[in-house]
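Trainee: would you be able to build a 3D model of this:
(one chain, ligands or ions: 1)
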Amino acid sequence: MILALSCPDRHGIVAAVSAFLFQRDCNISDAQQFGDAATETFFMRVVFEPVEGDAPEAIRAAFAEVGDRFGMDWTLRGTEPRKVMILTSKFDHCLADLLYRWRIDELPMDVTAIVSNHPRNQIGHVDLGALPFHHLPVQASEKAAQEAMLLKLIAETGTELVVLARYMQILSDDLAGQLAGRCINIHHSFLPGFKGAKPYHQAHARGVKVIGATAHYVTADLDEGPIIDQDVERISHRDTPEDLIRKGRDIERRVLARAVRYHLEDRVLMHHGKTVVFGD
Ligand SMILES: Nc1nc2c(c(=O)[nH]1)N[C@@H](CN(C=O)c1ccc(C(=O)N[C@@H](CCC(=O)O)C(=O)O)cc1)CN2
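Mentor: Numbering: from 1, shown residues only. Presented below is the predicted three-dimensional model:
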């Protein structure tokens, strides 16, 4: 099981958590914590094995007293797969990579559906196997209707996380609000540089020597959401925009996969528009 928490920083938090787990004969296999002096906030992630028959609900019910005592924001989850919906437009490299990592059990998820604003035959060569595919086209005048169908699908499938794997439509403030903290986007630049569409052409025009990719939670403000993970590659004057797009694909794949896995493993805690990430 994984306990993730944040609370006002004070003495005794780690002691109280470890005492609770000790009293229940739980075995701690990993623990990470961080105290943010600037905001006097404490963050902690503990992976532990409960004794046989100690049900998650019972542990949660018992931990609530500790949570209330310290004013914690906390989640306590098993490691069962979580329901993920993947949205894409025409570029399928991130979708294909996520599905490969899912098929080799690198990502603890059940894929509820693949959704695109383009028809199935326009999203590259990726093998969706038996996964449900939904074509939800976006006409500017019918964006609200398209988003209502998307929200209905998310609700009906019990989707817990929405991944924008190069989904090139801007979500409305309402939809972004309804998916707050459970929608991750891959932006194909090293934010805050080169927001918006065509970042590789912007980078080429600026003559930068490093390109990158950024995975972030989606908010109403385009490319402004809390950053979960980033990575970069050095480039040179020899690289054309097409070279940057090619080199960028690899960066996007690994950054998005890492961010999705970190979210699914409760390694990401949100804080003041930023994140605390207990990586591996
Ligand atoms: N509310 C948000 N929606 C989306 C975000 C976000 O941060 N907040 N990220 C984008 C992804 N993205 C960059 O990473 C991005 C996608 C699309 C555009 C854009 O200008 N789209 C045009 C249409 C383009 C087309 O049809 O091909 C538009 O929507 O007018 C910029 C950046 C996903 N959504």
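Trainee: residue 89: how many residues sit nearby?
Mentor: By other CB atoms under 10 Å, 18 other residues sit near residue 89. Placement of C-beta: from N, CA and C, glycine included.
Trainee: no no, residue 107
Mentor: Other residues within reach of residue 107, judged by other CB under 10 Å, total 21.
Trainee: A helix includes it, no?
Mentor: No: according to DSSP: H, G, I helix; E, B strand; the rest coil, the state of residue 107 is coil, so it is not within a helix.
Trainee: might one say that it is in contact with residue 260?
Mentor: Yes: using CB atoms under 8 Å, residue 107 is in contact with residue 260, at 6.2 Å.
Trainee: give me the common contacts of these two.
Mentor: In terms of CB atoms under 8 Å, 6 or more residues apart in numbering, residue 107 and residue 260 are both contacted by the residues 84, 98.
Trainee: what about residue 128, distance to the ligand?
Mentor: 21 Å (CB to the nearest ligand atom, to the nearest Å).
Trainee: would you map the helices across the protein?
Mentor: Using DSSP state H, the helices of the chain run over residues 13-23, 56-70, 93-103, 143-156, 173-178, 199-206, 241-264.
Trainee: residues touching whichever residue of the stretch 1-150 of the chain sits closest to the ligand, list them.
Mentor: For the stretch 1-150 of the chain, the residue closest to the ligand is residue 89, as judged by CB to the nearest ligand atom, at 6.4 Å. Contact analysis of residue 89 by CB under 8 Å, 6+ apart lists 116, 117, 118, 123, 166, 167, 168, 169.
Trainee: please name the nearest non-neighbouring residue to it.
Mentor: Nearest residue to residue 89, sequence neighbours excluded (CB to CB, 6 or more residues apart in numbering): residue 168, at 4.2 Å.
Trainee: next one: residue 30
Mentor: Nearest non-adjacent residue to residue 30, counting by CB to CB, 6+ apart: residue 47, 4.1 Å away.
Trainee: mind checking pLDDT for residue 56?
Mentor: Looking at residue 56, its pLDDT is 93.
Trainee: sorry, slip of the keys, the one I care about is residue 196.
Mentor: On the pLDDT scale, residue 196 is placed at 85.
Trainee: re the thing from before, quick check: phi and psi on the residue nearest to residue 89?
Mentor: Here the main-chain torsion angles of residue 168 (degrees, to the nearest 10) amount to phi -100, psi 40.
Trainee: so that it lines up with my notes, have the first residue be 6 from now on.
Mentor: With the count now opening at 6, the last piece we talked about shows up as residue 173.
Trainee: residue 204 is in contact with that one, correct?
Mentor: No: counting by CB under 8 Å, residue 173 stays clear of residue 204, with 11.8 Å between them.
Trainee: between those two, which is the more surrounded one?
Mentor: More crowded of residue 173 and residue 204, by other CB under 10 Å: residue 204, with 24 against 14.
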